[in-house]
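Visitor: The following comprises the amino acid sequence and a computationally predicted model.
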Amino acid sequence: KVEYDPSKEYDLVHQDIEADVAPTSAAIDAKVRAEIKVLAENLHKIYIRIGWELQVTQVEVDGARAMFSRYGDLVEVPLAEPAEEGQTVKLDIAYAGALRLPAARQRAENNDKNTLFVNSRWYPFVKSWYHEGPGETCTYDAQITVPLGWHVGAAELVGAKGTGQTWRFGTDTPCDRIGL
């Protein structure tokens, strides 16, 4: 089964992610700026996917607050003005919640209880879980704040925020997974 594939209309190019994580409760409070390159003429809507268990609280398109609808893990964002081929749209999304996998996947993917989040669930992406074809790739810069004493794997400590420490990781080379 192949779902609608928006990659013919736009491409997720880069994400800047700021997230506060509470490891003991698996809670995340995050803001993401996604740069989206328009590949088609007269684009009226952008669809972004994010974990179904996370509450999207605000969406902005190019700095202006935008309406959005939610259907499971799909967030539909109508554009105030149609976007044209070659245009870059900046989509800001604020979201929060406790990330949980369905029970069977939780057991299979998190047996050791050391990994809070499975890839592609805690940050926005365009293609669906069931998309057939090449994976989605983008560059990213993530700043993750965790309580003192916790560490973010493969990340560099960059400072303090409140009672926590902020860790940074990212890539200038497009990749298809952002691990936390």
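Guide: Ah, there it is. For clarity, every value in this text was computed on a predicted model and none was experimentally measured. Numbering: from 1, shown residues only.

Visitor: CA only for contacts and neighbour counts going forward, please
Guide: Fine.

Visitor: Okay, strands next: where are they in this structure?
Guide: 10-22, 27-38, 43-49, 55-61, 64-65, 69-71, 74-83, 88-98, 138-147, 156-161, 164-175 (DSSP state E).

Visitor: tell me the angle of the first one relative to strand 88-98?
Guide: Read that as strand 10-22. Calculated by axes from the mean of the first three to the mean of the last three C-alpha atoms, to 10 degrees, strand 10-22 forms an angle of 30 degrees with strand 88-98.

Visitor: which other residues reach strand 10-22?
Guide: With C-alpha atoms under 8 Å, 6 or more residues apart in numbering as the test, strand 10-22 has contacts from 27-40, 123, 125-126, 136-147.

Visitor: which of the residues you listed are buried?
Guide: 27-39, 123, 125-126, 136-147 (16 or more other C-alpha atoms under 10 Å).

Visitor: Tell me where the model's unsure across this protein.
Guide: 1-7, 100-121, 127-136, 154, 174-180 (pLDDT under 70).

Visitor: Against residue 172, how distant is the closest residue to residue 13 other than its chain neighbours?
Guide: Counting by C-alpha to C-alpha, 6 or more residues apart in numbering, residue 13 lies nearest to residue 138, which is 4.8 Å off, once chain neighbours are set aside. Residue 138 sits 9 Å away from residue 172, taking C-alpha to C-alpha, to the nearest Å as the criterion.

Visitor: now do residue 21
Guide: Relative to residue 172, and taking C-alpha to C-alpha, residue 21 is found at 24 Å.

Visitor: More neighbours: these two, which one.
Guide: residue 21 (22 against 10; other C-alpha atoms under 10 Å).

Visitor: Now do that one against residue 95, distance only.
Guide: 12 Å.

Visitor: okay, and the common contacts of these two?
Guide: With C-alpha under 8 Å, 6+ apart, residue 21 and residue 95 have common neighbours residue 29.
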